[in-house]
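1. Test case, fold it:
(chains A, B, C and D)
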2 protein chains.
Amino acid sequence: MNMRRATIKDVAEAAGVGVATVSRVLSGGSASPETRERVLTVAAQLDYRPSALGRNLRQQRAGGIGLLLPDVTDSFYGRLADGVLSCARAAGEPVILGTTGDDAEREADQIGILLEQGVERVVAVPSGDAEVWAPARRTGLTAVFAHRSAPGHGDVPAVLADDRGGVRTAVDYLTGLGHRRIAYLGGPGQEQRVAAFRQALGALVDEELVVFARGSRDSAYAAAAGLFQRRPDLTAVLAGGNLLGEAAVLAARELDLRVPKDLSLIMFDDVPWAELCAPPLTVVAQPAEDIGYRAAELVLRAGGRRPRGVLLPTELIVRGSCGPRRAS
Amino acid sequence: MNMRRATIKDVAEAAGVGVATVSRVLSGGSASPETRERVLTVAAQLDYRPSALGRNLRQQRAGGIGLLLPDVTDSFYGRLADGVLSCARAAGEPVILGTTGDDAEREADQIGILLEQGVERVVAVPSGDAEVWAPARRTGLTAVFAHRSAPGHGDVPAVLADDRGGVRTAVDYLTGLGHRRIAYLGGPGQEQRVAAFRQALGALVDEELVVFARGSRDSAYAAAAGLFQRRPDLTAVLAGGNLLGEAAVLAARELDLRVPKDLSLIMFDDVPWAELCAPPLTVVAQPAEDIGYRAAELVLRAGGRRPRGVLLPTELIVRGSCGPRRAS
DNA sequence: CCCGAAAGTGGATACGTTTTCACGAATCTC
DNA sequence: GAGATTCGTGAAAACGTATCCACTTTCGGG
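-> Just a heads-up that it's a prediction; the model follows:
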């Protein structure tokens, strides 16, 4: 049952040519039409599939693309992964997936694994700083960041959603409804968004209302509940991710804050259940699949020249979780 | 900047030993204590990491484990993947991810890619029949199925949730509430569950109330809406997955069916948003992470002998989406 | 008609590793 | 103390591929 696969040598012998010729034909090199035809026929007949193992060793690098995500359980990253996968599939490239849990050390480990495998192209939602990525860069790995960029990474191209614009329209929408005490409930690596939040809010910003959670659901819930208890005077909250939004809804419900009567809520990232929620959640939609697809595209097309990053638009989808400021 | 990685040869020379000795030391073979010490020191000093490329070619197989899922966007499969990943991480093995979209042809393609890469161990939620998996089996690949098993696969071990038990308790719960016309809204590969459904319902089963959707959200919605319109007399529905459950809620809302007053709903798979839904959804929880973890464990520990499959318990979590049969 | 260029081809090499094999030294057995 | 056994070790082979290089053939230009 354990049949040996046909090698390039078998094909060469069966076709009466040298192995070099077979390799050239299959790699699109030059060859006479009749030779090409013959090799192709024989290869098909023998069901020959070039071994990635041999090729990888020869050219000192593994094909495929590495994908480093904080958490595949988060449906945003799931959709991002889906984008990467569909691009990779179109190119016939395998995808090696690793999760970092928003932890720099784990990210370093995963990078180590990828390097050991000889992977040369990586799409990542980065968690660590430049130092974590130093070994990768040293071996000439080409990386493309997705969804967020980390400080200190000089020339790594990034495919990002327009966080700044998304935050601005969300904040404008809330202030337009009369809200003044608006909180930001953030996760790891959202410096960009918080900066945009501060900028959009201007003099209204209250640093006590800017709260961060770690990546986990527990942490998100703790941050939301703590925020709501500590500052019952806030009237609106912008949650920087679907985990945070989920936590906010849960915490609000637990504390008998009615949405949107007592509390207006906007969540980053449109997820299917946002519509099922009571009330349906107003969200800032991000093109998660596109982000992944474009990032994969960039890392595949990176033929030597470093491409410039990409900024994808966000969209405010108004549902029912925001209302005018309560009379208080 | 493009620094060549240290090879085993470099380590051997620097340590004044042969390459074979270095390989043995690093692979846990026998060596004298002083030699071992010296090699280890030198290796650490040179920051030597064995190249997976060379090893893979030598032993004619790539390490790591392949993971084939219908859809990473589905949070159930996301959690399953998370289980596989954490097991693989513990073992230091990379994971190659591919999605099949519940399509046998795509699955065959992905299997082809894995074989080309020399991957020998695969965890899969299978979509195709035995024929699709024939080439894999021919090359001696060891597979473990997760979440569902496909007919015709003889000796492939599977890690499954106790669908039969889950369906039975769900149906018992619904019949206990007085429901008689209970529908099953199923997805791909749920023959087991439907069989259990028929068996649990006994004489009450109405074949017109057993409906199948394909994997997509659109298809799920269409199936749910069609079912509700065609048979307005049904009083309860069991949705075989979170996509189906989502579709059922959406369709019910669209048709002004109130849950649970007009329609009782039980969904397979407990997802975070089930609690946020209005009303909160009664679900049959499945240990998705465990399924993935156990499957990965099986495929890694499969040292020659074929292990027997595993059946993991499900749990009915009662929330607010089921009520007594409407007066009607 | 001859010479140079171009195209087609196959032999040989190298990629980094694991594993087999053989050899010397040290230890054990009787 | 001599032979047998074990242990530690290094040289060499093999895995399948891509690519360099040298060789032959063909063709076009002068």
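
2. all strands in chain A, in order from the N-terminus.
-> A:65-69, A:95-99, A:121-124, A:142-146, A:158-161, A:182-186, A:210-212, A:236-239, A:264-268, A:282-285, A:310-312, A:315-317 (DSSP state E).

3. which other helices and strands contact the fourth one?
-> The helices and strands touching strand A:142-146, judged by 3 or more CB pairs under 8 Å, 6 or more residues apart in numbering or on different chains; DSSP states H and E, are strand A:121-124, helix A:130-138, strand A:158-161, helix A:288-301. To be clear about C-beta, it is placed using only N, CA and C from the backbone, and glycine gets the same treatment.

4. ok, residues contacting that strand?
-> Contact with strand A:142-146 is made by A:80, A:84, A:120-126, A:133, A:136-137, A:153, A:156-160, A:291-292, A:295-296, A:298-299, A:302, as judged by CB atoms under 8 Å, 6 or more residues apart in numbering or on different chains.

5. overlap between those and the residues near DNA strand D?
-> Among those, none lies close to DNA strand D by the criterion of CB under 7 Å from any atom of the strand.

6. what does the stretch 51-200 of chain A have sitting close to DNA strand D?
-> Counting by CB under 7 Å from any atom of the strand, the residues of the stretch 51-200 of chain A that sit close to DNA strand D are A:51, A:53, A:54, A:55, A:57, A:58, A:59.

7. on that earlier part again, just name the most buried of the helices and strands packed on strand A:142-146.
-> Relative to the other members of the helices and strands packed on strand A:142-146, strand A:121-124 carries the highest mean neighbour count by mean count of other CB atoms under 10 Å in any protein chain shown, namely a mean of 28.

8. I'd say residue A:190 and residue A:150 touch.
-> No. Using CB atoms under 8 Å, residue A:190 and residue A:150 do not qualify as a contacting pair, with a distance of 11.5 Å.

9. dump the residue contacts of the residue in the stretch 51-200 of chain A positioned nearest to DNA strand D.
-> Across the stretch 51-200 of chain A, no residue is closer to DNA strand D than residue A:54, which sits at 2.7 Å (CB to the nearest atom of the strand). Shown here is residue A:54, whose contacts under the criterion CB under 8 Å, 6+ apart are A:8, B:57.

10. what mean pLDDT does stretch A:188-206 have?
-> This predicted structure assigns stretch A:188-206 an average pLDDT of 92.

11. Then stretch A:36-45?
-> The predicted model gives stretch A:36-45 an average pLDDT of 92.

12. got the contact list for the residue nearest to residue A:70 when sequence neighbours are not counted?
-> Taking CB to CB, 6 or more residues apart in numbering or on different chains as the measure, residue A:70 lies nearest to residue A:102, with 4.6 Å between them; neighbours along the chain are not counted. Applying CB under 8 Å, 6+ apart, one finds that residue A:102 lies in contact with A:70, A:71, A:127, A:187, A:188, A:189, A:214, A:215.

13. How about residue A:181?
-> Taking CB under 8 Å, 6+ apart as the contact definition, residue A:181 lies against A:204, A:206, A:209, A:231, A:233, A:234, A:235, A:236.

14. Compare these and tell me which has the most neighbours.
-> Each of the contacts of residue A:181 was scored for neighbours by other CB atoms under 10 Å in any protein chain shown, and residue A:236 scores highest at 27 neighbours.

15. about what we covered before: any idea which of the helices and strands packed on strand A:142-146 has the lowest pLDDT on average?
-> Across those, helix A:130-138 gives the lowest mean pLDDT, at a mean of 90.

16. elements contacting it?
-> helix A:104-117, strand A:142-146.

17. what's the most buried one of these?
-> Across the helices and strands packed on helix A:130-138, averaging neighbours per residue (mean count of other CB under 10 Å) puts strand A:142-146 on top, at a mean of 25.
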